[in-house]
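Student: fold the following.
(chains A and B)
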Amino acid sequence: MTQAAAAPKSTGASMAKYKAALRRAIRRNYHEPEINFLNITAMLDIMTIILVFLLKTLGESTASVPQSDDLKIPTSFITSQPSMEGVVVTVSKSQILVGDDKVMTLPGRQSLAQSGVGAQYKRSGPNDLYIVPLGNALQAARKTDKLVRQAKGQDASMSEAIIIADNTTPYRLFIEVLFTLGQNEFGKYHLMVMQKKKGTG
Amino acid sequence: MAEDKLSTAQVARIRRLSQPKELTPDEEGGELNIVPFLDIITNILIFVLATISVTFTATIETQPPASGGSGVRKEIESKALNLTVLVGDFGFSIKASGGNVAEGCSGVGPGVAIPMKGGQLDYDALTDCAAKLKGSSSDFADETQVYISANPGTDYQTLISTIDALRSTRQGDPLFTDVNFKVAK
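Tutor: Numbers count the residues shown, from 1 in each chain, chains lettered A, B, ... in the order given. Model prediction:
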């Protein structure tokens, strides 16, 4: 508005009239500023939160089962929610793991189907179902889980196990793993499966 | 004395000064250009959603296996069906409190209750047989436990499919939802 002072005085209307006309013109031409960009900050916040939530949930859940040639979990029509409680025991085609720790390497499938993991890993011969290396690892896991359950105020008389086994695991090996778990005070098992819909084979 | 009318120069000046100011990009509030970031976030989000949609998992609850008919199995009343399914090389053998179920799931007798069909295990027939056995007496209506045993070489997927076949009827009514594994001596 300082430029208005520079209005010519010698000719035309008076300064007051000139300023009044200028104010009127400014009022007439004034309009609300257009929003020429979309404010997506709020949407971005929401999407970032959803993304972080999903990644965190997936990372923590047992649903993030790594699928590979060595471990393909079986499919089932069951629709229940996967249980998150328990020590994870993984039985792949080539090895057994407790948590992330490898316990032992498995022999070929033919041998597994006949006598399980082999007499050298058993407590008392090939017909025994107790797998000693797995039992040792489970004892340590049980101690930790017992303390955790006590701290949480849960029933510490037994632990739970989540069993993630390859779909070609022979029944003999499966039973040996269950038996060894049972001998180490694991009283409830959650067999991890992949959901499929009826009619998908 | 000033004139009443605005001069041409004054009118031109008023017109020029009254025009709304166009803001330069520097004066527009310093908005950060987050569109590329948003693109990346959207792509990751879609990828994550698409990925989890195919990896839904579930768990089947069970207990330590029983050996030779003993074990941790819950107390079952004497009038229980006491169903045991054996997955064998020739099909499903079924035992109940009355004895071995005969071929074709028709009464008591020797043989494989549900033989292979076209070289494959007949899960639909197993479901129908389990439903028939459970429906044979009102005493079995509340029974939900089943024992499953198998040949040593039976693969895990076959076991899970057998559990699926025994869990509910084809119409979705619950049959035997509590699974226990058995070790043949």
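
Student: need the helices for the chain, in chain order.
Tutor: By default, I'm working from chain A. In chain A, the helices defined using DSSP state H lie at A:15-29, A:41-60, A:109-115, A:132-152, A:171-183.

Student: chain B, not that one
Tutor: With DSSP H as the criterion, chain B has helices at B:8-18, B:35-52, B:123-134, B:156-167.

Student: deepest of these, which one?
Tutor: helix B:156-167 (a mean of 22; mean count of other Cβ atoms under 10 Å in any protein chain shown). Where you see a C-beta, it was placed from the backbone N, CA and C, and this is true even at glycine.

Student: can I get that helix in PDB? Just the C-alpha atoms.
Tutor: Below are the C-alpha coordinates for helix B:156-167, written out as PDB (Å, rounded to 0.1, in the frame of the first residue of the first chain):
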ATOM      1  CA  TYR B 156       3.000 -85.400   7.600                       C
ATOM      2  CA  GLN B 157       0.700 -83.900   4.900                       C
ATOM      3  CA  THR B 158      -1.300 -87.200   4.800                       C
ATOM      4  CA  LEU B 159      -1.700 -86.900   8.600                       C
ATOM      5  CA  ILE B 160      -2.900 -83.400   8.400                       C
ATOM      6  CA  SER B 161      -5.400 -84.200   5.600                       C
ATOM      7  CA  THR B 162      -6.700 -87.100   7.800                       C
ATOM      8  CA  ILE B 163      -7.200 -84.700  10.700                       C
ATOM      9  CA  ASP B 164      -9.000 -82.400   8.300                       C
ATOM     10  CA  ALA B 165     -11.300 -85.200   7.100                       C
ATOM     11  CA  LEU B 166     -12.200 -86.200  10.700                       C
ATOM     12  CA  ARG B 167     -12.700 -82.600  12.000                       C
END
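
Student: any regions of the chain where pLDDT drops low?
Tutor: The chain I'm using is chain A. Scanning chain A with the threshold set as pLDDT under 70 gives A:1-11, A:33-37, A:58-66, A:198-201.

Student: you answered for a different chain; I wanted chain B.
Tutor: B:1-3, B:22-31, B:52-55, B:67-78, B:184-185.

Student: ok, back up a step: CSV for the helices of chain B, including distance to B:Phe176?
Tutor: Formatted as CSV, the helices of chain B follow (distance: least, Cβ to Cβ, whole Å):
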stretch, distance to B:Phe176
helix B:8-18, 86
helix B:35-52, 31
helix B:123-134, 6
helix B:156-167, 5
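
Student: TSV please, covering those helices and showing distance to chain A.
Tutor: Below are those laid out as TSV (distance: least, Cβ to the nearest Cβ, whole Å):
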stretch	distance to chain A
helix B:8-18	4
helix B:35-52	5
helix B:123-134	10
helix B:156-167	4
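
Student: closest one to A:Leu129 among the ones you listed?
Tutor: Taking Cβ to Cβ, helix B:156-167 is the member of the helices of chain B nearest to A:Leu129, at 16.5 Å.

Student: what's in contact with the closest one?
Tutor: A:74-78, A:165-171, A:174, A:191, A:193, B:60, B:85, B:87, B:92, B:121, B:123-124, B:126-127, B:130, B:146, B:148, B:150, B:174-177, B:179 (Cβ atoms under 8 Å, 6 or more residues apart in numbering or on different chains).

Student: tell me the angle of it relative to helix B:123-134?
Tutor: 40 degrees (axes from the mean of the first three to the mean of the last three Cα atoms, to 10 degrees).

Student: what about helix B:156-167, distance to the chain center?
Tutor: Offset of helix B:156-167 from its chain centre (Cα atoms, centre = their mean, to the nearest Å): 14 Å.

Student: quick one, that helix and helix A:171-183 angle?
Tutor: 70 degrees.

Student: about what we covered before: which of the helices of chain B sits closest to A:Lys122?
Tutor: Judging the helices of chain B by Cβ to Cβ, what sits closest to A:Lys122 is helix B:156-167, at 20.9 Å.

Student: residues near B:Ala102, how many?
Tutor: Using other Cβ atoms under 10 Å in any protein chain shown, B:Ala102 has 15 other residues around it.

Student: relative to chain A, how far out is it?
Tutor: The gap separating B:Ala102 from chain A is 25 Å, by Cβ to the nearest Cβ, to the nearest Å.

Student: give me the spatial nearest neighbour of that residue, chain neighbours excluded.
Tutor: Closest residue to B:Ala102 apart from its sequence neighbours, by Cβ to Cβ, 6 or more residues apart in numbering or on different chains: B:Gly109 at 3.0 Å.

Student: so the one you found touches B:Lys95, yeah?
Tutor: No - using Cβ atoms under 8 Å as the test, B:Gly109 is too far from B:Lys95 to be in contact (11.8 Å).

Student: more neighbours: which of those two?
Tutor: B:Lys95 (17 against 12).

Student: quick check: closest non-adjacent residue to that one.
Tutor: Nearest non-adjacent residue to B:Lys95, counting by Cβ to Cβ, 6+ apart: B:Thr84, 4.4 Å away.
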